[in-house]
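Asks: sequence first, predicted model second:
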Amino acid sequence: MATPHTRTDARGGFTVLEVIVAAGMLMLLLAVSAQALIQVRRFQKKTDERVAATEALENALEEIASKPWDEINDQAIGSLKLPAEMIERWPEMKLSGSVSAVSEPVEGKRITLSVTAGATPPGRAPSLTTWVYRKAAR
(Lines give C-alpha, C1' and ligand atoms only; values in the text may rest on other atoms or scores of the structure.)
Protein backbone atom coordinates (compact mmCIF):
# COMPACT_ATOMS: atom_id res chain seq x y z
CA MET A 1 0.00 0.00 0.00
CA ALA A 2 1.33 3.35 -0.97
CA THR A 3 1.37 6.16 1.55
CA PRO A 4 0.29 9.66 0.50
CA HIS A 5 3.15 12.03 -0.06
CA THR A 6 3.36 14.63 2.74
CA ARG A 7 5.87 17.42 3.22
CA THR A 8 7.24 17.49 6.67
CA ASP A 9 9.61 20.37 6.07
CA ALA A 10 6.93 22.83 4.78
CA ARG A 11 6.55 25.93 6.92
CA GLY A 12 3.17 27.47 7.66
CA GLY A 13 2.77 31.22 7.05
CA PHE A 14 1.81 33.91 4.59
CA THR A 15 3.32 34.65 1.24
CA VAL A 16 4.72 38.08 0.46
CA LEU A 17 1.78 38.74 -1.86
CA GLU A 18 -0.75 37.97 0.90
CA VAL A 19 1.04 40.31 3.30
CA ILE A 20 1.10 43.12 0.69
CA VAL A 21 -2.61 42.69 -0.08
CA ALA A 22 -3.50 42.69 3.64
CA ALA A 23 -1.38 45.81 4.24
CA GLY A 24 -3.07 47.57 1.32
CA MET A 25 -6.53 46.74 2.63
CA LEU A 26 -5.53 47.97 6.08
CA MET A 27 -4.22 51.26 4.64
CA LEU A 28 -7.44 51.75 2.68
CA LEU A 29 -9.52 51.14 5.81
CA LEU A 30 -7.41 53.61 7.82
CA ALA A 31 -7.68 56.27 5.10
CA VAL A 32 -11.48 55.97 4.96
CA SER A 33 -11.71 56.04 8.76
CA ALA A 34 -9.51 59.13 8.98
CA GLN A 35 -11.66 60.98 6.43
CA ALA A 36 -14.82 60.08 8.35
CA LEU A 37 -13.23 61.30 11.58
CA ILE A 38 -12.24 64.61 9.96
CA GLN A 39 -15.80 65.13 8.68
CA VAL A 40 -17.27 64.38 12.12
CA ARG A 41 -14.90 66.92 13.72
CA ARG A 42 -15.86 69.61 11.18
CA PHE A 43 -19.55 68.95 11.80
CA GLN A 44 -19.00 69.08 15.58
CA LYS A 45 -17.20 72.43 15.27
CA LYS A 46 -20.06 73.93 13.26
CA THR A 47 -22.60 72.53 15.71
CA ASP A 48 -20.74 74.02 18.68
CA GLU A 49 -20.67 77.40 16.94
CA ARG A 50 -24.38 77.25 16.15
CA VAL A 51 -25.34 76.23 19.71
CA ALA A 52 -23.24 79.05 21.19
CA ALA A 53 -24.80 81.55 18.76
CA THR A 54 -28.32 80.40 19.64
CA GLU A 55 -27.63 80.70 23.38
CA ALA A 56 -26.23 84.21 22.87
CA LEU A 57 -29.33 85.15 20.86
CA GLU A 58 -31.65 83.81 23.57
CA ASN A 59 -29.84 85.84 26.24
CA ALA A 60 -29.85 88.99 24.10
CA LEU A 61 -33.57 88.62 23.35
CA GLU A 62 -34.34 88.25 27.05
CA GLU A 63 -32.24 91.32 27.82
CA ILE A 64 -33.93 93.51 25.20
CA ALA A 65 -37.45 92.21 25.95
CA SER A 66 -37.05 93.04 29.65
CA LYS A 67 -36.44 96.74 28.92
CA PRO A 68 -39.20 99.33 29.33
CA TRP A 69 -41.46 99.70 26.28
CA ASP A 70 -40.01 103.04 25.14
CA GLU A 71 -36.42 101.72 25.28
CA ILE A 72 -37.04 98.81 22.90
CA ASN A 73 -35.71 100.16 19.62
CA ASP A 74 -32.92 99.70 17.08
CA GLN A 75 -30.51 101.73 19.25
CA ALA A 76 -31.04 99.26 22.11
CA ILE A 77 -30.16 96.40 19.76
CA GLY A 78 -27.05 98.28 18.65
CA SER A 79 -25.91 98.46 22.25
CA LEU A 80 -26.11 94.67 22.73
CA LYS A 81 -22.78 92.85 22.82
CA LEU A 82 -21.85 89.21 22.42
CA PRO A 83 -20.23 87.56 25.46
CA ALA A 84 -16.44 88.07 25.67
CA GLU A 85 -15.67 84.34 25.60
CA MET A 86 -17.69 84.01 22.40
CA ILE A 87 -15.86 86.90 20.74
CA GLU A 88 -12.57 85.40 21.84
CA ARG A 89 -13.42 82.01 20.37
CA TRP A 90 -15.12 83.30 17.19
CA PRO A 91 -13.87 86.86 16.58
CA GLU A 92 -15.72 87.10 13.25
CA MET A 93 -19.19 86.76 14.87
CA LYS A 94 -21.45 89.79 14.72
CA LEU A 95 -24.81 90.41 16.39
CA SER A 96 -27.44 92.31 14.42
CA GLY A 97 -31.17 92.82 14.58
CA SER A 98 -34.18 95.02 14.14
CA VAL A 99 -37.32 96.20 15.92
CA SER A 100 -40.58 96.56 14.02
CA ALA A 101 -43.57 98.28 15.60
CA VAL A 102 -47.07 96.97 14.90
CA SER A 103 -50.30 98.62 16.01
CA GLU A 104 -52.91 96.20 14.66
CA PRO A 105 -54.59 94.19 16.17
CA VAL A 106 -52.70 95.14 19.34
CA GLU A 107 -49.72 97.40 19.86
CA GLY A 108 -46.55 95.35 19.83
CA LYS A 109 -42.92 95.23 18.75
CA ARG A 110 -41.33 92.44 16.79
CA ILE A 111 -37.69 91.93 17.80
CA THR A 112 -35.46 89.92 15.47
CA LEU A 113 -31.83 89.14 16.26
CA SER A 114 -29.29 87.18 14.24
CA VAL A 115 -25.64 86.21 14.55
CA THR A 116 -23.45 86.07 11.47
CA ALA A 117 -19.95 84.62 11.27
CA GLY A 118 -17.63 85.60 8.44
CA ALA A 119 -19.02 84.54 5.08
CA THR A 120 -22.28 83.05 6.39
CA PRO A 121 -24.66 82.70 3.44
CA PRO A 122 -27.92 84.65 3.74
CA GLY A 123 -30.63 82.61 5.42
CA ARG A 124 -28.10 80.30 7.10
CA ALA A 125 -27.28 82.51 10.08
CA PRO A 126 -29.01 81.61 13.36
CA SER A 127 -31.77 84.08 14.13
CA LEU A 128 -34.52 84.35 16.72
CA THR A 129 -37.65 86.49 16.84
CA THR A 130 -39.95 87.44 19.70
CA TRP A 131 -42.87 89.76 20.22
CA VAL A 132 -43.29 92.26 23.04
CA TYR A 133 -46.68 93.83 23.70
CA ARG A 134 -47.48 97.12 25.41
CA LYS A 135 -49.08 96.62 28.78
CA ALA A 136 -52.61 97.92 28.92
CA ALA A 137 -53.11 101.10 30.92
CA ARG A 138 -55.34 100.62 33.95
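Replies: Cool, got the structure.

Asks: point to the residue nearest the middle of the protein.
Replies: Nearest to the mean C-alpha position of the chain, by CA atoms, centre = their mean, lies residue 47 at 2.1 Å.

Asks: mind listing what's buried in the helix or strand of the chain with the lowest mean pLDDT?
Replies: Sorting the helices and strands of the chain by mean pLDDT, DSSP states H and E puts helix 84-89 at the bottom, at a mean of 87. Neighbour-count burial for helix 84-89, with 16 or more other CB atoms under 10 Å as criterion, is recorded at residue 86. Bear in mind the C-beta positions are built from the backbone N, C-alpha and C, glycine included.

Asks: same question, stretch 93-105
Replies: Counting neighbours by 16+ other CB under 10 Å, the buried set in stretch 93-105 is 93, 95, 97, 99.

Asks: next one: stretch 55-69 to chain centre, how far?
Replies: How far stretch 55-69 lies from its chain's middle: 22 Å, per CA atoms, centre = their mean, to the nearest Å.

Asks: typed the wrong thing, it's stretch 89-98
Replies: In terms of CA atoms, centre = their mean, the centre of stretch 89-98 is set 14 Å apart from its chain centre.

Asks: could you identify the helix or strand that succeeds the top helix by length along the chain?
Replies: As assigned by DSSP state H, the longest helix anywhere in the chain is helix 16-65. Note on helix 16-65: by DSSP states H and E, the next helix or strand toward the C-terminus is helix 74-78.
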